[in-house]
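Peer 1: this one's structure only:
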């Protein structure tokens, strides 16, 4: 080592690998967007409403000439695409703000086009609020996914944990007439599913993907069966919960636009605000988190310093199951007051996508879940203004965003090294 | 602290990995455990470290019997181990790795990373290491990673230190520095167990030597015994440590590589403008510490890796851009560096593995059908000719010993009509007997007029086998020198320093 300094230091040469994904994707989207405007031109004004009742400061609604706004947004998108091309030509990365700006421009232009000539106006504040609401189960699901995978157990069973949580919360919440009891029961149900996953995946080293898929199918089957056989005949007693009410946080809820969206919510939403930083803290700032990540990265190394690998992994997925369970409770003690067959509708899988999109980091994964929530909420908003887009296409939107996110815009992401591999002591 | 092992026996099924082994290590001494790969050295140490439980026997520290249920217990008792494959988490920092399993916390359960940093600095200063506590392990050279392992052991107040094949990944210079560190630790009173199969190193630092063969202690030795005696104890018979070969008789066919470049997915240029020529009837050894681009170079030669620039010409014919099949058809034999992942299909039989790369055309395939008779005849001959010790040609190859598995690969590659042989680490993890045999066959191939490229990370092998030696460092050719170049010059070259007056490439 020391001798190497005597002559010229030979450093490994690097060439920059530039991904052309961003400029190409931008180009395609801009083109499609331009075609849409050109071929389906629309007349009139689009109204955007920013205020809700009870705001501190009342912001006025804005009416914009639809096509002009749409074309201006298109122009911005075009410029950004050009910028992305120029950057990749110069072998530089496309910074994240370019992608964000591009998405906002195209989205705003699309909304302007969609709402053209409609009497109804876009309730921007409500759009935000429903984004947050739709994202709640996804955020909890994603946190659970991150916790499990960081410990080295792929948690495909998020969907099952959400559904089990929703189901249990409905029954317990109805029987006790207390949403709190429902919440606690949902946590327990999520942990129970996680325990089953753990027994097979950790103790018996069954292929984790298979166990996860089987658990999903099993929980869907069980809840559907009991729903039709037990809950439906006795719905009054077993399947009608008291929901958590909304609590406005004084002061914060008065902020225009974002106040009502973020701070006039139920207790589970506030739990979410706490859970994201709490999971981050536990994972990166505590002894528990250091050990958890160690068993997910290099279980043998953890073993050689005296950490119980299997115990740590159980701890990881049990906490994960509990967290996902809270997300499940959201369905039946916040969203609506009764359980419905397969009511989670694949949210667990979107949460799984958020885990990857968020690069196995709790905060990023939560942000990704919020993005997916926003895509769902947009679908609702567009149908309010009767945008001339078939509702089936709107229903696809969150899934399309998921695929784009996972395939294109994530960049290089690296899962925990021992993710999905059971630990076998030689 | 005095370490004593009494009658340690460890069985894996029918295999007795350790057979009543006794070993005593006094404080302030370096005790070498010398033995071939697979002699049971690592198993013994894993028993001592609590990773395995012994079937019989006991471990004593300062005369007290210990019962370790896991590495945690062993560590608490003062035993530290530096594993052959480092037990460090690549995405963690040095300080995080050192504190893992032994963390101190502040109020609110927060990790006390500052304390860990200071501990790292304190120990590093004591030994004159330069280690940044906040560097990520994956960014550090292996030599430094090893120091982190040592710091990790010392931070837990280890009094008995076990080093399992610690020099396998080091350059000769790093090895020298490492020997210095071991002496320093010994002088501070540590009891050190140094596991190795390299005679040179044993002679340099050992206070006492225990030789292990086939799971049992075969005797003690002293550092002043000649190499041949130590080797004979280790292997159980007299061994030829040198390779006999005549002056090269050059033939027409030659391999010309020029300006070859390979870039990995992260954008690092792992093979950087490599040029060399190998004439028929000559062995060129590509030497260097592992991970300096040799793997990628060999894979680019046979078409397994995409070459982003440059050319590989065999007897004037361009090989870059051709499929692996076309490269094989051009007469290239390839012994991959990892037989279990790239060389063999473990579940397949010996016979099937021997014909793996000849799936097209006669004699093994006619009209799309496997010719089982031809295959089995061929396999029986190969087993005979290459001295493959197997129960029969229908035995799954995974059940063979490492040396015999390697002979299957060698037999397959050498029984074709070759115009080039590329052998990557042909003797890694192979017993000394098989090494002799494989070396002889490689020399025979050379004498048949075939250009031969051998990748080796062992300086001894490079010097013994090569007609010329090319040294790679960080993807580049440091220089191409005759095989009789002094070892210290080669060692410097392996650290990237070109000798005076040598032409790079």
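Peer 2: The structure has been received and is ready for your questions. From a predicted model like this one, the values you see are computed outputs, not experimental measurements.

Peer 1: what residues are up against residue 88?
Peer 2: Just so you know, I chose chain A. By Cβ atoms under 8 Å, 6 or more residues apart in numbering or on different chains, residue A:88 lies in contact with A:18, A:19, A:20, A:22, A:23, A:94. (C-beta placed from N, C-alpha, C; glycine too.)

Peer 1: hm, I was asking about chain B
Peer 2: A:298, A:301, B:97, B:137, B:145, B:148, B:149, B:152.

Peer 1: of the residues you listed, closest to residue A:419?
Peer 2: The closest of the contacts of residue B:88 to residue A:419 turns out to be residue A:298 (Cβ to Cβ; 11.6 Å).

Peer 1: isn't the closest one right up against residue B:85?
Peer 2: No: if you go by Cβ atoms under 8 Å, residue A:298 and residue B:85 don't touch, sitting 10.1 Å apart.

Peer 1: between the two, who's got more neighbours?
Peer 2: Set residue A:298 next to residue B:85 and count neighbours by other Cβ atoms under 10 Å in any protein chain shown: residue A:298 wins out with 26 against 11.

Peer 1: so where's chain B shaky on pLDDT?
Peer 2: Applying pLDDT under 70 to chain B flags the ranges B:241, B:500-505.

Peer 1: for chain A, what's its nearest residue on it.
Peer 2: Per Cβ to the nearest Cβ, residue B:72 is where chain B lies closest to chain A, at 2.4 Å.

Peer 1: for the stretch 51-200 of chain B, what lies in contact range of chain A?
Peer 2: By Cβ under 8 Å from any Cβ of the partner chain, the part of the stretch 51-200 of chain B that sits against chain A consists of B:51-52, B:70-73, B:75-76, B:81, B:83, B:86-92, B:96, B:99-103, B:105, B:109-111, B:141, B:143-144, B:152, B:173-174, B:177.

Peer 1: could you rerun that using 7 Å?
Peer 2: Residues of the stretch 51-200 of chain B lying close to chain A by Cβ under 7 Å from any Cβ of the partner chain are B:70-72, B:75, B:83, B:87-89, B:91, B:96, B:100-103, B:105, B:109-111, B:143, B:173-174.

Peer 1: so which of these belong to helices?
Peer 2: The members of those that map onto helices under DSSP state H are B:71, B:72, B:75, B:96, B:143, B:173, B:174.

Peer 1: the second one: what's its closest spatial neighbour, skipping adjacent residues?
Peer 2: Spatially, and ignoring its direct neighbours in sequence, residue B:72 is nearest to residue A:306 (2.4 Å; Cβ to Cβ, 6 or more residues apart in numbering or on different chains).

Peer 1: same check, this time on the fourth one
Peer 2: What sits nearest to residue B:96 in space, not counting adjacent residues and going by Cβ to Cβ, 6+ apart, is residue A:290, at 6.4 Å.

Peer 1: secondary structure class for the one you found?
Peer 2: With DSSP: H, G, I helix; E, B strand; the rest coil as the basis, residue A:290 sits in helix.

Peer 1: would you agree it is in contact with residue B:98?
Peer 2: No: contact criterion Cβ atoms under 7 Å: residue A:290 and residue B:98 do not qualify, at 11.5 Å.

Peer 1: compare these two (neighbour count), which wins?
Peer 2: residue B:98 (28 against 23).

Peer 1: which parts of chain A belong to which domain?
Peer 2: Chain A breaks down into these domains under automatic domain parsing: A:21-123, A:133-370.

Peer 1: what would those domains look like in TSV with distance to residue B:412?
Peer 2: Compiled in TSV, these are given as follows (distance: least, Cβ to Cβ, whole Å):
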stretch	distance to residue B:412
domain A:21-123	42
domain A:133-370	33
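
Peer 1: returning to what we had before: how about the contacts made by the residue nearest to residue B:96?
Peer 2: By Cβ atoms under 7 Å, 6 or more residues apart in numbering or on different chains, the contact set of residue A:290 is B:96, B:100, B:103, B:111.

Peer 1: and the two most separated of those residues?
Peer 2: B:100 and B:111 (10.1 Å).

Peer 1: ok, the two, which is more surrounded?
Peer 2: residue B:100 (26 against 21).

Peer 1: hmm, back to that, can you tell me how far the residue nearest to residue B:96 sits from residue A:296?
Peer 2: 11 Å (Cβ to Cβ, to the nearest Å).

Peer 1: find residues that contact each of the two.
Peer 2: Contact criterion Cβ under 7 Å, 6+ apart; residues shared by residue A:290 and residue A:296: none found.

Peer 1: on that earlier part again, return the most buried member of the domains of chain A.
Peer 2: domain A:133-370 (a mean of 22; mean count of other Cβ atoms under 10 Å in any protein chain shown).

Peer 1: just say helix, strand or coil for residue B:37.
Peer 2: What three-state DSSP gives for residue B:37 is coil.

Peer 1: pull the contacting residues for it.
Peer 2: So, once contact is read as Cβ under 7 Å, 6+ apart, residue B:37 ends up touching B:197, B:402, B:429, B:431.

Peer 1: quick check: closest non-adjacent residue to the first one.
Peer 2: What sits nearest to residue B:197 in space, not counting adjacent residues and going by Cβ to Cβ, 6+ apart, is residue B:36, at 5.8 Å.

Peer 1: please list the residues of the stretch 151-300 of chain A that sit near chain B.
Peer 2: A:285, A:286, A:287, A:290, A:294, A:297, A:298, A:300.

Peer 1: please report phi then psi for residue B:470.
Peer 2: Here is the backbone geometry of residue B:470 (degrees, to the nearest 10): phi -110, psi 130.

Peer 1: count the neighbours of it for me.
Peer 2: Using other Cβ under 10 Å, residue B:470 has 26 other residues around it.

Peer 1: that one against residue B:477, yeah?
Peer 2: Yes: assessed by Cβ under 7 Å, residue B:470 is found in contact with residue B:477 at 6.0 Å.

Peer 1: any shared contact partners between those two?
Peer 2: residue B:276.

Peer 1: pretty sure residue B:123 sits against residue B:155.
Peer 2: Yes: the criterion here is Cβ under 7 Å, and residue B:123 meets it with residue B:155 at 6.2 Å.

Peer 1: ok, back up a step: narrow the residues of the stretch 151-300 of chain A next to chain B to those in helices?
Peer 2: Residues of these located in helices (DSSP H): A:285, A:287, A:290, A:294, A:297, A:300.

Peer 1: let's have those residues in CSV, adding pLDDT.
Peer 2: Shown next, in CSV, are those (pLDDT from 0 to 100):
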residue, pLDDT
A:285, 93
A:287, 94
A:290, 95
A:294, 95
A:297, 94
A:300, 91
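
Peer 1: okay then, goodbye and thanks.
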